[in-house]
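In: Everything below, folded, please.
(chains A and B)
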Amino acid sequence: MSKIYNILFRRNSVFISAIFGAAFFVDIGFNSAVDKYFDYVNQGKQWKDIKHNYIKSGEDEE
Amino acid sequence: MFRLAYKPVLKASVLTAGVGACAYLYVKPANALTEAEHGLHAPNYPWTQNGLTSTFDHQSIRRGYQVYREVCSTCHSLDFVKWLDLVGVSHTSSEARAMAAEFEYDDEPDDEGNPRKRPGKLLDKMPAPYPNEQAARAANQGALPPDLSLMTKARHNGVNYVFALLTGYPEEPPAGAQVASGMNYNPYFPGGGIGMARVLYDDLVEYEDGTPATTSQMAKDVTTFLNWSASPEQDDRKRMGLKALIVIATMFGLSIAVKQYKWANIWTRKVVWKGPGSPKQ
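Out: The predicted model follows:
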């Protein structure tokens, strides 16, 4: 416990940067995890699952 | 004694009367209209977009657009949908461009002020079949084909109603049903008489993906398409909603835990008063 205190909480600058840094990475991780689950639940239904049938190779399209 | 008992008795009788009235109306609803005048209640169909985390079936939206284009669009407009909206939902951008270019739109007049036409672009809206309401009524025996952009939101029980209506035309109107001349009978339409005749018949369109074009398949696809056109944000809304619910639930749990922690001292403390008025030890 004191280790965590000494590393993280002791200096406010370190504490604040840790919060901002953690928010940044947790947000990315959380979003990609939920998106992955959402796409898994909706396998084969969304446009990204069927668009390969309609995009001719070599074209740069949505 | 009577004054004391008066209030609870009054409360209890009002409560009983209220509950009784609710129960009576639940068993025997006070309909201003009969079922036939209201239109039959549509059953609940198992749509693939039903459920908190279920997106539209985009292959079905694509087929539904085909049905709209080949069948519905001869009478019904789709004013709130742009060609661009189809891109990334059911069609690629070059497909949407090509489809838009098949229609003519008003262009700016030339140097002499003569009106000009130009092929459609992605930012154009879907072309309407009639220039105005009068033309639409004149072409449909006085009936106005409504705009379909928001139809699944504009009718009670939206998607189920649209599907039931499209597939609900009987071969013959039932005995006793009054249908005015030029009208068609559909039990799901309020009053039973509808200007639109049955339009979907098996193999009316030919799907490019090989799906058999039965009446119910076409009705399902076009209803899915109309549901998308009424709520195009639905897929994103469900995705964001799932994230929001998870975050909010986590925050709620955390706030409970923090509150318990902070209040533990206050709950468990014991206050003792020693001084004037305190009980003798």
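In: near chain B, which residues of chain A?
Out: Contacts of chain A with chain B, taken as C-beta under 8 Å from any C-beta of the partner chain, map to A:30-31, A:34-35, A:38, A:41-42, A:45-47, A:49-51, A:53-55, A:59, A:61-62. (C-beta placed from N, C-alpha, C; glycine too.)
In: my guess is residue B:129 meets residue B:73, correct?
Out: Yes - using C-beta atoms under 8 Å, residue B:129 is in contact with residue B:73, at 6.2 Å.
In: since we're on residue B:40, how many residues are nearby?
Out: Using other C-beta atoms under 10 Å in any protein chain shown, residue B:40 has 17 other residues around it.
In: Please look at residue B:160 and residue B:39 and confirm they touch.
Out: No - counting by C-beta under 8 Å, residue B:160 does not reach residue B:39; the two are 11.9 Å apart.
In: who's more crowded, these two?
Out: residue B:39 (23 against 19).
In: correct me, but the more buried one touches residue B:187?
Out: Yes - the criterion here is C-beta under 8 Å, and residue B:39 meets it with residue B:187 at 7.1 Å.
In: Quick one: name the residues of chain B near chain A.
Out: Of all the residues in chain B, those in contact range of chain A (C-beta under 8 Å from any C-beta) are B:48, B:53-59, B:62, B:87-95, B:209, B:235, B:238-239, B:242-243, B:246-247.
In: let's go with 7 Å and repeat that
Out: B:48, B:53-59, B:87-89, B:92-95, B:239, B:242-243, B:246 (C-beta under 7 Å from any C-beta of the partner chain).
In: Sitting in helices, which of those residues do you find?
Out: Mapping the residues of chain B next to chain A onto helices (DSSP state H) picks out B:58-59, B:93-95, B:239, B:242-243, B:246.
In: could you flag which of these are buried?
Out: B:58-59, B:93, B:95, B:239, B:242-243 (16 or more other C-beta atoms under 10 Å in any protein chain shown).
In: Sketch out the low-pLDDT regions of the stretch 101-250 of chain B for me.
Out: Applying pLDDT under 70 to the stretch 101-250 of chain B flags no residue at all.
In: residue boundaries of the strands in chain B?
Out: Counting by DSSP state E, one finds strands in chain B at the ranges B:104-107, B:116-119, B:184-185, B:193-194.
In: In its sheet, which strands sit next to the last one, and in what direction?
Out: Each strand paired with strand B:193-194, and its direction, by DSSP bridges: strand B:184-185 (antiparallel).
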